[in-house]
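no sequence on this one, just coordinates:
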């Protein structure tokens, strides 16, 4: 029978153990599985706390048994019964409730479920598109419930740690002025001020700097941010940041607070102890050694400069290359020619996606019987081969993979190859966490299309004090006081010491092609604030979703957000974005021009 009434729950479905044997209980939940054994039916009932086995006995409770026969997957039920111990051969040691079952005496079917579009027990039984369309069903899966619990615990841990460190939590406006901060703004038309628009914040950057000017020396918030940009597995149009700012601090102070926060969250949420202090790399060290400013340090495989050896060889393609790099794969006896050919194709395909000149491929040599043989080895004489073995510390069975070409393309491609090898050899252990700070970023980068300077982080980042003179003489060589925290190849947080000097901020705007008058128009309230006694200040912003992704061991950011968008910024469940009625557009003074 289907009924709107239910029994008041006495326990959750993950709570009962042998300590409760003999007591009467009431449980509410979803039907996970049903098994008919003739005169006995076993039903697993599930809620977010766990799973409990119910037994329905035809002999003792025939009416209840008949109802149980009609149950379908994901029906919502309410039951009463008595807790009984399972027989020794039926105990499930891997289940908290695996030593008991509930002998049901009463049942109410609260809601019958339609046939399911995919199996709740098997998340992979449907495409991601289907799962996002029925997200409320996917959120019932064990994996998603675990991820959401980790996210909840991370929220609570962050607030607890920062509050204990005297940070004050603020809320900043969601409707603000549009400003150039690196990505496209989502715009919100104003009904009361026709022709004018608010922007949704890409970050609370300017507001948190204003709070420093206002004298609140330790600020944080967990805040929604919005960026209208192209998406990848770790990006969404709306995302969550842990935003932190401090006054009267230097870079070391910020790093110290962040390490306390990150270490506490790892310990609170997943019981992992991270050793502190975290190691530090400069931007140049990270790029040269790992081919990226987001290095995964769970494994070695450094990128090694090979140019001095290439010059001494007779291999013209490498002798003339601007940059030659190698990766030494240790103990690579399992790397057949087929595997090497696959990696060669990978290098060609990856480098062809770069804006610079694509690479011709991948050269190789293998250490066999104390000498380098195969592939590239014939272009290196015996003396040079031995020199390479000694200099690079090559051991028996090691494989050298080399490529040469334009510097940036070689470095980024070898960085990608390093990750491809790590995935092939299963070197990226999920339970191993390796945080690293990357610092000393360039302050500016050249826009290849316009030839103008653009900022690498954001326009409020301070140059290093020793590089301020370079703002006049050589802006491209000026380093910033910016720093990123990277864990397992993911940028978890990024921040900087800010410009608290009005004149320095104006100079940076000028180098970015923003004259003083335009700067005052776009950033007037911040510039005014800097001229009224702004303290030295700095901070950092965590990509909270990405942080949770690392904690949960998830492969993509959508797995740790309750209601995410697709990579094309669509919400398949609710159908947004959607068209709006003509009268609503008219109220806002908008006219939609559709593409023909």
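Everything's here; your move. What you see is a predicted model, and the numbers here were worked out from it, not measured in a lab. Numbering: from 1, shown residues only.

all helices in the stretch 201-350 of the chain, in order from the N-terminus.
For the stretch 201-350 of the chain, helices defined by DSSP state H, counting those that start in this stretch occupy the ranges 205-213, 251-270, 283-290, 307-312, 316-319, 337-352.

Same question for the stretch 1-150 of the chain.
Using DSSP H, counting those that start in this stretch, the helices of the stretch 1-150 of the chain run over 62-69, 128-133, 135-138, 142-164.

Name the residues of stretch 365-381 that are buried.
365, 366, 367, 372, 375, 376, 377, 379, 380 (16 or more other Cβ atoms under 10 Å). C-betas here are computed from N, CA, C, even on glycine.

hang on, the earlier thing: quick one: closest of the helices of the stretch 201-350 of the chain to residue 568.
helix 337-352 (23.3 Å; Cβ to Cβ).

Check which helices and strands that closest one is in contact with.
When contacts are defined as 3 or more Cβ pairs under 8 Å, 6 or more residues apart in numbering; DSSP states H and E, helix 337-352 sits against strand 399-405, helix 407-424.

Tell me how far that helix lies from the chain's centre.
Its chain's C-alpha centre lies 27 Å from the corresponding centre of helix 337-352 when counted by Cα atoms, centre = their mean, to the nearest Å.

Then stretch 504-523?
When distances are taken as Cα atoms, centre = their mean, stretch 504-523 is centred 33 Å away from the chain's centroid.

Ends of it, what's the gap?
Between the opening and closing residues of stretch 504-523 we find a distance of 14 Å, counting by Cα to Cα, to the nearest Å.

Repeat that for stretch 497-513.
Terminal-residue distance, stretch 497-513 (Cα to Cα): 22 Å.

ok, now stretch 175-188?
8 Å.

Then stretch 136-150?
Counting by Cα to Cα, you get 18 Å between the two ends of stretch 136-150.

same thing with stretch 453-460?
Across stretch 453-460, the terminal residues are separated by 14 Å (Cα to Cα).

do stretch 483-501 as well
Start to finish, the residues bounding stretch 483-501 are 20 Å apart (Cα to Cα).

for the record, mean pLDDT for that stretch?
Stretch 483-501 shows an average pLDDT of 94 in the prediction.

Using neighbour counts, pick out the buried residues of stretch 240-251.
If you call a residue buried by 16+ other Cβ under 10 Å, then stretch 240-251 has these buried ones: 240, 241, 242, 243, 244, 245, 246, 247, 249, 251.

Looking at strand pairing, list the partners for the fifth one.
Going back to what we said before, that points to residue 244. In this structure, residue 244 has the following beta-bridge partners (DSSP bridges): residue 220, residue 540.

ok, it - contacts?
Listed by Cβ atoms under 8 Å, 6 or more residues apart in numbering, the contact set of residue 244 reads 162, 167, 219, 220, 254, 257, 258, 495, 539, 540, 541, 542.

ok, now how distant is the first one from residue 243?
Taken as Cβ to Cβ, to the nearest Å, the spacing of residue 162 relative to residue 243 amounts to 10 Å.

about what we covered before: residue 27: which of the buried residues of stretch 365-381 is nearest?
Closest approach between these and residue 27, by Cβ to Cβ: residue 366, at 62.6 Å.

Alright, that wraps it up for me.
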